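# Model the structure of this input:
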Amino acid sequence: MSGADGTAVPAEALGLLQVTAARLAAVPGLADQVRAIGDGTGIDYRSDPEVAAMLHRHRRLLGRMNAYGACGGLLLAPGAVGAWFLIDTGRATSGTVVDLVLLAPVALLLALSVCLLARALRFRHVWLRGGTRDQVNGYLQVLSAAGLPHHGLPAWLKPVTGKRWR
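Residues are numbered from 1 along each chain as shown. Modelled structure (predicted):
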């Protein structure tokens with residue numbers, strides 16, 4: 001099965017669908033709302049492969065963004081404590097070999113944490129500017145218009161924009 005852009009949709013992506021297009025078509029009066037929401041987001045919510053590909057992309061982006069952000073934050077904490085200790089004790093300015101040996105792991109931790117956090121921000125940028133967030137919000141609007149409660153959604157699909165659907 002392939003999405004709107006012709007790329008193959010992984011089989012596990014179809015399992016991410018909360019509601020199939022056939023079930024949405026069975027709700028009276030919903031077709032016009034779904035078409036209007038889809039026109040605003042650039043996705044056809046009546047196409048299961050297209051929606052599955054969008055949900056798969058959304059889940060991957062959120063997973064990577066959270067993983068890189070958490071790892072970067074966890075490495076930043078000991079790096080910052082180490083830098084604070086070296087600066088507070090005056091070791092960073094004396095210039096001996098022992099001080100360079102103490103400074104190297106701290107600098108490595110800080111550099112690695114900055115790289116990981118920058119990567120997390122890059123995934124967030126793709127998620128925001130690539131339209132994935134807006135497409136997911138449109139999907140949540142479709143689910144709401146179909147009468148489905150939001151409390152039954154998986155955590156990765158719940159709205160993060162502050163809007164509440166049903």
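# residues in contact with the most centrally placed residue in the chain?
The residue lying closest to the centre of the chain (Cα atoms, centre = their mean) is residue 62, at 2.0 Å. Residue 62 makes contact with 127, 156 under the criterion Cβ atoms under 8 Å, 6 or more residues apart in numbering. (Each C-beta comes from the backbone N, C-alpha and C, glycine too.)
# Next: residue 108.
Contacts of residue 108 by Cβ under 8 Å, 6+ apart: none found.
# Sticking with it, tell me its helix or strand.
helix 97-129 (DSSP states H and E).
# Same question for residue 33.
Going by DSSP H and E, residue 33 is part of helix 30-41.
# List the contacts of that helix.
So helix 30-41 is contacted by 24-25, 44-46, 131, 134-135, 137-138, 141-142, 145-146 (Cβ under 8 Å, 6+ apart).
# Count the residues that sit near residue 149.
Residue 149: 10 surrounding residues under other Cβ atoms under 10 Å.
# measure the spatially closest residue to residue 110 that is not a sequence neighbour to residue 117 for me?
Distance criterion Cβ to Cβ, 6 or more residues apart in numbering; nearest residue to residue 110, sequence neighbours excluded, is residue 79 at 4.0 Å. Using Cβ to Cβ, to the nearest Å, one gets 11 Å for the distance from residue 79 to residue 117.
# what's the least confident helix or strand in this protein, going by average pLDDT?
helix 11-14 (a mean of 74; mean pLDDT, DSSP states H and E).
# Enumerate the positions of that helix that are buried.
13, 14 (16 or more other Cβ atoms under 10 Å).
# What of stretch 104-117?
106, 109, 110, 113, 116, 117.
# May I have the residues that are in contact with the residue nearest to residue 110?
106, 109, 110, 112, 113.
# show me the biggest helix of the protein in terms of residues.
When the chain is scanned for its longest helix (criterion: DSSP state H), the result is helix 48-89.
# and that helix with helix 30-41, angle?
For helix 48-89 against helix 30-41, the angle by axes from the mean of the first three to the mean of the last three Cα atoms, to 10 degrees is 40 degrees.
# Relative to its centre, which residue of the chain is most distant?
The chain, farthest from centre, Cα atoms, centre = their mean: residue 96 at 44.7 Å.
# quick check, nearest of the contacts of residue 79 to residue 10?
residue 112 (30.9 Å; Cβ to Cβ).
# Good, wrapping up.
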